[in-house]
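# A structural model of the following input is requested.
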Amino acid sequence: MSADPRQRRAARHAQPAAEAATSAPRKKPINVERITDAALEVVATEGYDALTIRRVAAMLGAGPSSLYAHIVNKDDIDDLLIGRLYAEIVLPEPDPAAWREQLLGVYTQIRDLYLKYPGVSRAALAMVSTNLETLRVGEGILAILLAGGIEPRTAGWARDALSRYVSAYALEQSLVQQRRQHQDQEWVLSDEELLDRFTGLPDEKFPQTRRHAAELISGTGHDRFEFALGLLMNNLRPASG
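A predicted model of the protein is given here:
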């Protein structure tokens, strides 16, 4: 009899997944890898909002009960998704002289992976993952911070803050792109329209917004991404001594 799905998940989080059996069955069996593949396809083609156990099962040509032999619930799929994406992250050898640049490089990789799968960063929010690939990336980020001389507790809290910002940034970008696809979303404005709105505000109530409208809307989303990470990282100071 197959192990309980919770025991299977615990085993995945305790050691690397075992290699697939070499024998080739006549029909591809449903397993964790295929479930993750199907879940990523749903997100890539339909967005994260469409991701349900029923939808993943349909992608695999099976019923939801077939998935429950391998996963516990929807949260388990979220954990698998983030683990699969993080497996693509390349971590540098921590360099005390370039730790900020290294952090930016790692988080830029994460951002770009999140943006590739619209809304998937929501799966990383409010979740403490024990997936080995997610832990690997977390370990790498922590190592970079510690190499920069950041005190351990501060490094841990900084890693949490930086990771949450990246997830939120990617989620916002995905939502904006989704709304722009609908013609009835007239409140999603272009830069030119936003500039006109700001400069057209009553001067007696919004003098600063009118005066600095161009500066307020300047820069690309990725410019602002690097700026925000810089604000966080530049306020981290190596421990004295």
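# let me know the pLDDT of the residue nearest the centre of the chain.
For the chain, Ser121 is the residue whose C-alpha lies nearest the centre (Cα atoms, centre = their mean; 3.4 Å). Looking at Ser121, its pLDDT stands at 93.
# tell me the secondary structure for it?
Of the three states, Ser121 takes helix according to DSSP: H, G, I helix; E, B strand; the rest coil.
# which residues touch it?
Counting by Cβ atoms under 8 Å, 6 or more residues apart in numbering, Ser121 makes contact with 114, 166-168, 170-171, 174. (Each C-beta comes from the backbone N, C-alpha and C, glycine too.)
# list buried members of these by neighbour count.
Buried members of the contacts of Ser121, counted by 16 or more other Cβ atoms under 10 Å: 114, 166-167, 170-171, 174.
# following element in sequence after the helix or strand harbouring Arg164, please.
According to DSSP states H and E, Arg164 maps onto helix 152-180. Per DSSP H and E, the first helix or strand lying C-terminal to helix 152-180 is helix 191-199.
# among the contacts of Ser121, which one lies nearest to Pro92?
Using Cβ to Cβ, Val166 comes nearest to Pro92 of the contacts of Ser121, at 17.0 Å.
# isn't the closest one up against Leu113?
No. Using Cβ atoms under 8 Å, Val166 makes no contact with Leu113, being 10.2 Å away.
# low-confidence ranges in this protein?
For the chain, applying pLDDT under 70 flags the ranges 1-3, 5, 8-9, 12, 14-27, 181-188, 240-241.
# mind giving me the domain split of it?
5-15+28-85, 94-187+194-234 (automatic domain parsing).
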